[in-house]
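Asker: Kindly return the folded structure for what I paste below:
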Amino acid sequence: MSLFKARDWWSTILGEKEEFDQGCLCVADVDNSGSGQDKVIVGSYKGYLRIFNPHPVKPGDEVQAEDLLLEVQLREPVLQVEVGKFVSGTEGLHLAVLHCRKLCVYAVSGTQGNVEHGNQYQIKLMYEHNLQRTACNMTYGPFGGVKGRDLICIQSMDGMLMLFEQETYAFGRFLPGFLLPGPLAYSSRTDSFITVSSCQQVESYKYQVLAFATDADERQDTEQQKLSSGKRLVVDWVLNIGEQALDICVVSFNPGASSVFVLGERNFFCLKDNGQIRFMKKLDYSPSCFIPYCSVREGTINTLIANHSKMLNVYQDVTLKWATQLPCIPVSVKVANFQDLKGVIVTLSDDGHLQCSYLGTDPSLFQAPKVDSREINYEEMNAEMKELQKIIREATKTQDILPESEKQRDVTVMAEVSPDLDEESQAIDSEVKAGAVPSVTVKITIQSRVSAQKPSLAVCVQAPLAVTCDQFVFDDLEPDSSETVVLSVFLKENCSPPELEGTCIVSYNIPTELNPEGIPRVSQCNFSLPLKLVCFPAQPSKAASHKLTIDTNKPPISFVTIFPDFVDPSEGDQANALGFQFLAGSKTTLLASKTSQRYRIQSDQLEDLWLVTKELIHRLEEHFKKQNCKDFACTFSGSIPLQEYFELIDRHFELRLNAEKYQELLSERAVQFRAIERRLLTRFKDKTPAPLQHLDTLLEGTFREVIALADAAEENQANMFQAFAKLKSATHLVIMLISLWQKLSTDQVAILEATFLPLAEDTQELGWEETVDAAVSYLLRTCLSKSSKEQALTLSSQLSMPKDTSRLKKNITLFCDRLAKGGRLSLSTDSSTHQAAVMPGGCGTIPESELEERTVIPGSTATFTSHGQTTKQKSKP
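Answerer: Sure thing, here's the model as predicted:
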C-alpha cells in the first residue's frame, strides 16, 4: 500500500447503479467561457449527461449544488463524449455525444442568473446523424489538414469507419481482416488513423487512402459499391505488439515529432510516427487506463497509468516517478485546470465515483494547545453575550434579503387609450385587405416612488393585433420620477381579433441593503381597445345566417345613448338598428326591440357576433351602473349554436391534419434531396468521370417540389392561424351564452374559460382539440358526473392529436346537456355538491314564425324569443 494518497480536492457520486466506461469522461471549456477553466463532462450508460464545474471542498463538506452546471437524461446510452470544433461556420467548441445508433452534437451555453441562484446552463442540439450500424467508439481531428474545424470518425462494431464532415456524412470504409473493434485514435501530424486489430497489431491508415479506397470486404452492400471508387484500402504501417490494447493516445508536445502511446494488457508502448518503437515498459500489474499529459524535460513524456489495485503511477518515459493510492479503480483518467489550479487529476470509476485530486502528502498539523491559567470572568462573558444577542435581534428586525411588501407599489404603470382613432394611421405592414387600416394611440406612464434599476417595458396585444413598438428600455428611475411612452395599436393580420385587450408589463430591480444589485420586481396593468379599431359603421342588413337574442330586465336603450361613436346624432331616438362592418370579416347588425326588452345580433359569420355582443352587454352594464341601477341583468333563452361552432372546430382540425401531411411530405422530399446530393457529390469527387444519369435533372425537380411544399405549408399555417382566431372568438361567444343561459357565477365562468380557452397559441405538438377534450372529459367525470361509476374512470395522462373531432363534439354536447339538467361547475369532487335545482330555460329551440325573418327593419315592432327567429306582434293602442 502506498504511503502517499491522492489528495481529494473535489469528489462526488454520480446517480444510482449507473455504469461508466473509458469514453464517458471528458474535460474541456465546453461552454466557451474564455476563462481557461475546464468543465468535467460525464455520460453514463443509462443516458445521463452531466457537466460539472468543480470548486474546492473542505474535508467532510458536501459538494455544492452550483458545481453541477447541467444534468439531462438522453434517450439512449452514452458511449463516448468529446469536445471539439464540430459545427461549421464557427470555431467555438461543441459537445459530441455518441450513442449506439446516433451521433449528436450539442452547443452548451450559460446565461447569468439573478440574485444568488447562480447561472443557468442549457444544451441545444445543433445536428445529429442516425447511424446505420452499431457504433463502438469515435475519434476526431482536422482530417485532411482542414483549418479551424474538426471532423469525426466513428468505428462500428462490424469494422466500418464512418467519417462525418460536421453536418454531412462523407463516406464509410471497412477495415480489412476485421474481427473485433479496438481502440481508435487520430494523428494530425501524419493525417492517419491508428487502431489495434484482432491480430494484436497496431495498424495505421492514411486519411487520403481511406477517402479514395474501395472496400475490399464482401460485407459491403450494393449502395456502397456505387458510391465508392478508387484503389484498394492499404495499411500504412503495422506493428505486432503480441497483446490486446486497452487504449491508444497520440500526443505531440514537441513540434518536430509526435508519439503514439499504446496501453496493452501487460506492457506500455511508445511508438514514433512511422510505427517504430521508441520505448516500452513491462508492467507488473493489470492496468485500467492511462493518459500522457505533459513533457517536463525535453525528449521525455510524463504519463499517468492507473491499475486494478487502486494505484496511480506517474512515469517519465519508463522511469517511475510517483505512486499514489486512489479510493477506487478508475476506468478513465484526465488532467484538467480549475480556478488557477493546473494539473488536477480527474478520475472516473465504473460505478460513478468522480474525483478531482492532486498529488502530495498528508503532514500532521497538530499542535499542543498552550495552557491558559487565566481565570474566567463570567460577568463579562454574560454582558458580552447579551450585547451580541441584542445586535442579532436588531439585525433580524431591520434587514432582509427581500424588500418588504407594501400597500402602495414602488413602481406603477398606467395605460391611457385615446378615445379617438389616429388622424393619420400608424399601421405598419398590415395584411388587411381593407382600404385604410385605422390605429389608436395608447399613452403609457411609469411612476416610481423609489429608485428603480434597469426598468424595461413590454407591451403585449394578442394577434392579429400589433403595436408599432413593443419593447422599451429606460435609464434608472430616480425616486418620485416618471417616464411616458406613446405607441399605436392596429390590426395587422387579415382576420378579426378574439379580444380587444392589451397588457403593459414593467420589470425592474429594487436594491436592498443586503443585495445592492437589486431584486427583480414586476408591475403590470391591462387596457381595453375600442371596437371601432376593427370595424366601422355600416348600413344594417336585413338577412343573416346567424342570429342571437339577448333578453334584459330593463326597457331597451337607444343606440344613440350607448353607441354614440357608431350612430349619427341626427337620427335621434329612432335609431334601433345599427350595422358594424369588420375590417377583416362580415357585416354584423344590432337590433333593439321597441315593445320588448330584447336585443338581436345577427351576422353571416358566427365568430363576428362575439365582439358586438360583448360590447353591447358591457355598454348596457356601464349605462345602468351610472344610473345606480343594481338589478340590471342579461339572460339568454335560446339554444346554443353548437352545430355552427362544430363547423369551425372541424375547419381548424382539418388545417392541423394538412399541416401534419405537409410536414411528412417535406421530410420525405428532404431525405430524397440529400440522397441525390450525396450521389452527385460522389460522382464529382470520382477521378474517373462517369455520366450523371440524369441526377442533375432529378435534383432540380426535387428542389422545386421542396419549394412548392414549403410554400403550401406556409400558406396552410397562415390559414390555420386565422381559423384558430375565429375558433377563439366563437369559443368566447359560446362561453358568454352558456353563462347567460345558466346564470353562472364569476368562479364558474372562470372554470368555463379555463376549460375551453386553455391555450394562447396553437401548435402541432399541443393543439386546442386534445386539450379541450381532456378538460371537458375531466368535468364530465367530476362535478358533472351522474354516478360514482363515471368518477372512477381514469383519464389518459398523455395528450396526443386525435384522429377526428367526433369525441370532442360528443363531449361538448354532453357537457351542455348536463348543464341544462341542473349540473353545476365546481372544482370540488364531492358528489354532494353536484346536485342543484334545474334553472328555467333549456336547450330546446322556441318555435317562431318565419315571417319576421323577411322584414326586420328600423321602426318595425317585433318581439324576440329566440336567437334564430322573430315573431310579429300587433301594436297595442
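
Asker: the strands in the stretch 601-750 of the chain, which residues?
Answerer: 634-635 (DSSP state E, counting those that start in this stretch).

Asker: Going along the chain, name the helices of it.
Answerer: Per DSSP state H, counting those that start in this stretch, the stretch 601-750 of the chain carries helices over the ranges 609-626, 642-685, 695-742, 746-756.

Asker: closest to Thr300 out of the ones you listed?
Answerer: Closest approach to Thr300 among those is made by helix 642-685 (43.4 Å; CB to CB). For the C-beta atoms, the positions are set from N, CA and C on the backbone; glycine is no exception.

Asker: Listing request: residues of this protein with sub-threshold pLDDT.
Answerer: Per-residue confidence for the chain (pLDDT under 70) gives these ranges: 1-3, 59-63, 113-118, 214-232, 361-374, 397-408, 569-575, 787-797, 828-877.

Asker: what about 50?
Answerer: Filtered on pLDDT under 50, the chain yields the residue ranges 1-2, 216-230, 399-407, 829-877.

Asker: Compile the helices of the stretch 601-750 of the chain into TSV and extend it with columns for mean neighbour count and distance to Gly177.
Answerer: Shown next, in TSV, are the helices of the stretch 601-750 of the chain (neighbours: other CB atoms under 10 Å; distance: least, CB to CB, whole Å):
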stretch	mean neighbour count	distance to Gly177
helix 609-626	18	76
helix 642-685	16	26
helix 695-742	18	35
helix 746-756	16	68
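
Asker: among the ones you listed, which is nearest Pro464?
Answerer: Closest approach to Pro464 among the helices of the stretch 601-750 of the chain (CB to CB): helix 695-742, 6.2 Å.

Asker: Report how many residues lie close to the closest residue in space to Lys726 that isn't next to it in sequence.
Answerer: Nearest residue to Lys726 in three dimensions, chain neighbours excluded: Glu607, at 4.3 Å (CB to CB, 6 or more residues apart in numbering). Neighbourhood size, Glu607 [other CB atoms under 10 Å]: 27.

Asker: Please apply the same query to Lys454.
Answerer: 15.

Asker: now swap in Pro498 and tell me
Answerer: Neighbour count for Pro498, taken as other CB under 10 Å: 24.

Asker: So it sits against Leu733, correct?
Answerer: No: Pro498 is not in contact with Leu733 according to CB atoms under 8 Å; the separation is 9.6 Å.

Asker: Show the contacting residues for Thr588.
Answerer: 535, 579-582, 601-603, 608-609, 612 (CB atoms under 8 Å, 6 or more residues apart in numbering).

Asker: re the thing from before, need the contact list for the residue nearest to Lys726.
Answerer: Counting by CB under 8 Å, 6+ apart, Glu607 has contacts 496, 585, 648, 726-727, 729-730, 733.

Asker: Relative to Ser33, which of the residues you listed is nearest.
Answerer: Leu727 (47.2 Å).

Asker: about what we covered before: shared neighbours, Pro498 and Leu733?
Answerer: Trp610.

Asker: Not counting sequence-adjacent ones, nearest residue to Cys816?
Answerer: Counting by CB to CB, 6+ apart, Cys816 lies nearest to Ile640, which is 5.7 Å off, once chain neighbours are set aside.
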